[in-house]
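Predicted model and sequence follow; I will ask about them next.
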Amino acid sequence: DAKTTQPPSMDCAEGRAANLPCNHSTISGNEYVYWYRQIHSQGPQYIIHGLKNNETNEMASLIITEDRKSSTLILPHATLRDTAVYYCIVRTSGSSNTGKLIFGQGTTLQVKP
Amino acid sequence: DAGITQSPRYKITETGRQVTLMCHQTWSHSYMFWYRQDLGHGLRLIYYSAAADITDKGEVPDGYVVSRSKTENFPLTLESATRSQTSVYFCASFRGLGPNTEAFFGQGTRLTVV
């Protein structure tokens, strides 16, 4: 399973863009990068995912490097409600092909007024 | 309402008791998962199921039993609860097998074993 590495914590000023990095140097060609977040002990919430192209939705943008070894989640205008733990996950596609989501420790993003 | 629901939301039980946590989804998703979350450990996969009557172990399956007699339900049973199983439990479902589908999580069950 491809592993991910994220900084344990980050701060961001309200209204500014939050850029959350993730390293996944062992990612395989058919594995997707997913981002979830968890707000204060609620269930994790899906944000965005991508394979190799940059992706954007109403919540965020995902920038994946050309070699796919790292990615950045961008929250364009962070609000206090974006304070959460953000998880970068590589969706496994091992021999059992179950597509399990294996969570790491994530990045705690603190948005400050 | 459509979605994935867990019950109960909170549960206190005694050591040695059997307790079952329920998970129900209304989408008819094939894949369902159980995670536990403890301080300092993040979310760890306990068991998962690819379809009715098909289940498999995750990272931390010891002390837990699951069943999947119907697609929409995926109960998690602690056969003899221990204090180390005090945790927040999350259920999730995926639409399909491929890596291009997102998971939906329930609100969690906070279990305390005394």
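Looks like it arrived, so ask away.

Quick one, grab the pLDDT at the closest residue to chain B within chain A.
Going by CB to the nearest CB, chain B is nearest to A:G43 of chain A, at 3.3 Å. Using the backbone N, CA and C atoms, a C-beta is placed for each residue, glycine as well. The model reports A:G43 with a pLDDT of 91.

does it count as helix, strand or coil?
coil (DSSP: H, G, I helix; E, B strand; the rest coil).

before we move on, what about B:R68?
Relying on three-state DSSP, one would call B:R68 coil.

on that earlier part again, what's the neighbour count on the residue of chain A closest to chain B?
Neighbour count of A:G43, defined by other CB atoms under 10 Å in any protein chain shown: 22.

Can you give me the neighbour number for the closest residue to it other than its chain neighbours?
Once flanking residues are discounted, A:G43 sits nearest to B:F105: 3.3 Å by CB to CB, 6 or more residues apart in numbering or on different chains. B:F105 is flanked by 22 other residues according to other CB under 10 Å.

helix or strand for the spatially most central residue of chain B, which one?
Residue closest to the average C-alpha location in chain B (CA atoms, centre = their mean): B:W34, at 2.9 Å. Using DSSP states H and E, B:W34 falls within strand B:31-38.

What residues sit buried inside that strand?
B:31-37 (16 or more other CB atoms under 10 Å in any protein chain shown).

Quick check: the residue nearest to B:A81 when sequence neighbours are not counted vs B:R17, distance?
Spatial nearest neighbour of B:A81, excluding adjacent residues (CB to CB, 6+ apart): B:V113 at 4.5 Å. Going from B:V113 to B:R17 by CB to CB, to the nearest Å gives 8 Å.

between these two, who's got more neighbours?
Taking other CB under 10 Å, B:V113 and B:R17 do not tie; B:V113 has more neighbours (19 against 12).

Would you mind measuring from B:E102 to A:G106?
17 Å.

What ranges in chain B fall below the confidence cut-off?
B:1-2, B:96-99 (pLDDT under 70).

count of residues packed around B:C91?
Neighbour tally, B:C91, other CB under 10 Å: 27.

And for B:V114?
Around B:V114 there are 10 residues (other CB under 10 Å).

what's near enough to touch it?
B:12-15, B:83 (CB atoms under 8 Å, 6 or more residues apart in numbering or on different chains).

Among those, name the ones in helices.
Counting by DSSP state H, no part of the contacts of B:V114 is found in helices.

want to throw these into JSON lines with neighbour count?
Output for these, formatted as JSON lines (neighbours: other CB atoms under 10 Å in any protein chain shown):
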{"residue": "B:I12", "neighbour count": "12"}
{"residue": "B:T13", "neighbour count": "16"}
{"residue": "B:E14", "neighbour count": "9"}
{"residue": "B:T15", "neighbour count": "11"}
{"residue": "B:R83", "neighbour count": "9"}
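
Turn those residues into TSV, columns for distance to chain A.
Listed next are those as TSV, based on distance: CB to the nearest CB, whole Å:
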residue	distance to chain A
B:I12	17
B:T13	20
B:E14	24
B:T15	24
B:R83	20
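
wait, which of the residues you listed is closest to A:N57?
The nearest member of those to A:N57, counting by CB to CB, is B:I12 at 39.8 Å.
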